[in-house]
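Trainee: sequence plus the predicted model coming up.
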Amino acid sequence: MRPVLQGLDDVAWHSVDHAYGPALDTPGHLRALLSDDPEVVAGAIGDLDRTIHEEGGFVCPAATAVLPFLAEVVPLLREDHRAAVLDLVARIADDGENAEQVDDGWHAAWAEAEPVLGRSSGQPESPA
């Protein structure tokens with residue numbers, strides 16, 4: 001079994017944009033999802049929601065870059081945190097279908113992550 005978040009440091013986060021510019025803080029948010037402290041995990045989910053989800057008009061490159069890591073981490077999260085991350089991903093996926101601007105890699109990343117995330121949710125799969 002490969003280590004969790006393997007390849008995270010291989011992403012050129014300085015050239016991947018989120019809502020506030022380069023996504024340099026994103027690896028820290030992803031790592032924080034693995035914390036034993038529920039408040040740290042909840043904070044990381046909030047930080048990711050604030051930075052990678054741009055409601056309605058745009059799916060940013062950071063959302064695409066984060067998606068495979070979220071698919072990897074979601075099954076490891078406790079139920080309430082898993083639900084919050086799946087909600088975030090579902091909102092981004094919905095934007096991926098309806099937004100005026102969608103990162104070029106989003107649809108391929110979603111096609112790969114959707115089956116994993118669907119299994120993690122126990123719910124019907126999100127639109128995309």
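Mentor: Right, received. Where do you want to start?
Trainee: distance check, A65 against R78.
Mentor: A65 is 25 Å from R78, where distance means CB to CB, to the nearest Å. C-beta: built from backbone N, CA, C; applies to glycine.
Trainee: and these two? Which one has more around it.
Mentor: Neighbours were counted for A65 and for R78 using other CB atoms under 10 Å; A65 has more, 25 against 9.
Trainee: what's the helix or strand for that one?
Mentor: With secondary structure defined by DSSP states H and E, A65 is part of helix 61-73.
Trainee: and the closest residue to H18 other than its chain neighbours, what does it touch?
Mentor: In this structure, H18 finds its nearest non-sequential neighbour in A62, 3.6 Å apart by CB to CB, 6 or more residues apart in numbering. The contact partners of A62, taken as CB atoms under 8 Å, 6 or more residues apart in numbering, are 16-19, 23, 26, 51-52.
Trainee: quick one: low-confidence ranges for the chain?
Mentor: Residues of the chain meeting the criterion pLDDT under 70: 1-2, 56, 121-128.
Trainee: hmm, try it at 50
Mentor: Applying pLDDT under 50 to the chain flags the ranges 123-128.
Trainee: can you map out the strands along it?
Mentor: Listed in chain order, the strands found in the chain under DSSP state E are 17-18, 21-22, 58-59, 101-102.
Trainee: since that was my last question, I'll sign off now.
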